[in-house]
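J.: Predicted model and sequence follow; I will ask about them next.
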Amino acid sequence: MKPFLVLQLRPEDDASDGEFRAILEKGGLDVGRVQRVRLERDPLPSDLSLDDYAAIIVGGGPGCVSDPEEEKSPDEARAEAAIMGLMPEITATDKPFMGCCYGIGILAHHLGGDVSKDRYSEPVGPVTCRVTHDGQHDPLLTGLPTEFDTLVGHKEAVQALPPGAVHLMSSEPCPYQMLRFGQNVYATQFHPEADAGVFAERIRIYRGHGYFEPHEAAALTDACYASSVMFPKEILRRFVARYG
């Protein structure tokens, strides 16, 4: 069986390791079936071929696709360029892809969509998302409730449906919560790998990164634990099962 390629961009070791554990756990992936690359630290293998992988999963990160290039750190710019360099082949060949949070900005930007901080940012915490008509017929969402809670936290967002993309999920604050391009290329604005414990750890790590005021950390953590986030992980599990 081909392995999954997991690409990460979080510069903090504890955040990156926690995200990786969450992807493995929620996706039902054995670590032996995964090649992990921390792009903020390591380059992609020079001989990398996407044909060698069952699918690609991209995690989140504190950066924003829409930030001016001069405001991005060298590591952030290099990591983003590495992922963007893969997107033409991914979309042209309909390679199975799941972009989580940061990944929806990557996909939309590659497709020529508008990604910015103008509208639709969401504070850290739970939000109710709704499955669209097209989403109800998508294999990753069929049979799930048409509304369920997810965990979010983002400064930028997709401003309009990118050309060729299918709109799968929305929320009241942010209309573009999940997209598909072709049949196999997916991205979510919410975090399908996250539960309350995962988000509590990220709240601790990112309390000084501008997502929220530091004094709000305790209340945000309580809100995450009070939410029922049962179904986003099923999306990730189905993705792994479908393409694994």
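T.: Right, received. Where do you want to start?
J.: Give me the residue at the spatial middle of this structure.
T.: Using Cα atoms, centre = their mean, the residue of the chain that lies closest to the mean C-alpha position is Cys100, 0.8 Å off.
J.: all helices for the chain, in order.
T.: Counting by DSSP state H, the chain has helices at residues 13-27, 74-93, 102-110, 133-136, 196-205, 217-226, 232-243.
J.: Just the buried positions in the second one, please.
T.: Of the residues in helix 74-93, those scored as buried under the neighbour-count criterion (16 or more other Cβ atoms under 10 Å) are Glu76, Ala77, Ala79, Glu80, Ala82, Ile83, Leu86, Met87, Ile90, Thr91. Quick note: C-beta positions are derived from backbone N, CA and C, even for glycine.
J.: So which of those residues is the closest to Phe239?
T.: Ile90 (14.2 Å; Cβ to Cβ).
J.: Give me the contacts around stretch 153-162.
T.: 64-66, 101, 104-105, 107-108, 111-125, 167, 174, 176, 179, 181, 189, 199, 202, 210-212 (Cβ atoms under 8 Å, 6 or more residues apart in numbering).
J.: buried ones in it?
T.: Residues Gly153, His154, Lys155, Glu156, Ala157, Val158, Gln159, Leu161, Pro162 are the ones in stretch 153-162 that count as buried (16+ other Cβ under 10 Å).
J.: Hmm, Cys100 and Gly61 touching each other?
T.: No: Gly61 is beyond contact range of Cys100, at 9.8 Å (criterion: Cβ atoms under 8 Å).
J.: What residue in the chain is the furthest from its centre?
T.: By Cα atoms, centre = their mean, the chain has its most distant residue from the centre at His215, 26.3 Å.
J.: and the least confident helix or strand in the chain by mean pLDDT, how far from the chain's centre?
T.: Within the chain, no helix or strand scores below helix 196-205, which has a mean of 91 by mean pLDDT, DSSP states H and E. Distance of helix 196-205 from the chain centroid (Cα atoms, centre = their mean, to the nearest Å) equals 16 Å.
J.: List the buried residues of that helix.
T.: In helix 196-205, counting by 16+ other Cβ under 10 Å, buried: Ala196, Val198, Phe199, Ala200, Glu201, Arg202, Ile203, Ile205.
J.: Stretch 99-115 now?
T.: For stretch 99-115, using 16+ other Cβ under 10 Å, the buried residues are 99-111, 113, 115.
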